[in-house]
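Student: got a structure for you, letters missing:
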């Protein structure tokens with residue numbers, strides 16, 4: 001079975017409960033369509049668990065995109081240094097619920113921080129999936145549709161922020 005979910009926003013318990021409720025098993029695939037982190041308390045925990053499971057395919061959302069630059073800086077800098085050295089990126093992220101993610105990430109050992117960054121870097125921008133004899137386009141938002149060019153020529157921003 002193929003499943004899709006989005007906007008977990010750091011709610012690991014609800015995410016784990018959903019997997020249990022659907023009976024997620026070895027034959028299943030789960031596409032997570034962005035916004036795994038921020039707002040809720042366990043975005044980093046959710047990423048760490050997803051990273052262990054090849055049946056879970058992440059697609060980037062605006063929260064991962066927004067956090068990636070500051071997270072890269074947090075590998076070597078403290079949150080206070082980030083606030084001073086990258087104030088615009090820091091405040092934009094914090095205004096969008098980034099504090100729980102920042103604190104969870106800052107508590108990780110350096111090797112795990114780098115693993116999380118590499119994992120987010122591996123997220124797809126969109127996925128094309130076939131199920132039940134039909135094709136589906138999966139992304140965090142819907143890019144503007146142009147029947148001549150289709151979705152393949154939409155921009156990165158279109159897929160994570162939409163119009």
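Tutor: Nice, thanks for sending it over. All of these numbers come straight from a predicted model, not from anything done at the bench.

Student: ranges for the strands of this structure?
Tutor: Counting by DSSP state E, the chain has these strands, from start to end: 2-5, 29-33, 56-59, 127-131, 134-138.

Student: got those strands as a markdown table, with mean pLDDT columns?
Tutor: Output for the strands of the chain, formatted as a markdown table (pLDDT from 0 to 100):
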| stretch | mean pLDDT |
| --- | --- |
| strand 2-5 | 97 |
| strand 29-33 | 98 |
| strand 56-59 | 98 |
| strand 127-131 | 93 |
| strand 134-138 | 92 |
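
Student: Adding mean neighbour count and distance to residue 158, write those out as JSON lines.
Tutor: Backbone N, C-alpha and C define where each C-beta goes, glycine included. Shown next, in JSON lines, are these (neighbours: other C-beta atoms under 10 Å; distance: least, C-beta to C-beta, whole Å):
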{"stretch": "strand 2-5", "mean neighbour count": "16", "distance to residue 158": "19"}
{"stretch": "strand 29-33", "mean neighbour count": "21", "distance to residue 158": "14"}
{"stretch": "strand 56-59", "mean neighbour count": "20", "distance to residue 158": "13"}
{"stretch": "strand 127-131", "mean neighbour count": "13", "distance to residue 158": "15"}
{"stretch": "strand 134-138", "mean neighbour count": "13", "distance to residue 158": "12"}
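
Student: Nearest to residue 105, out of these?
Tutor: strand 56-59 (16.3 Å; C-beta to C-beta).

Student: Output the contacting helices and strands for the closest one.
Tutor: Judged by 3 or more C-beta pairs under 8 Å, 6 or more residues apart in numbering; DSSP states H and E, the packing partners of strand 56-59 are strand 29-33.

Student: Give me the contacts around the strand it packs on.
Tutor: If you take C-beta atoms under 8 Å, 6 or more residues apart in numbering as the criterion, strand 29-33 is touched by 1-8, 19, 24, 50, 55-59, 61, 127, 129, 138-140.

Student: Kind regards, and thank you for your time.
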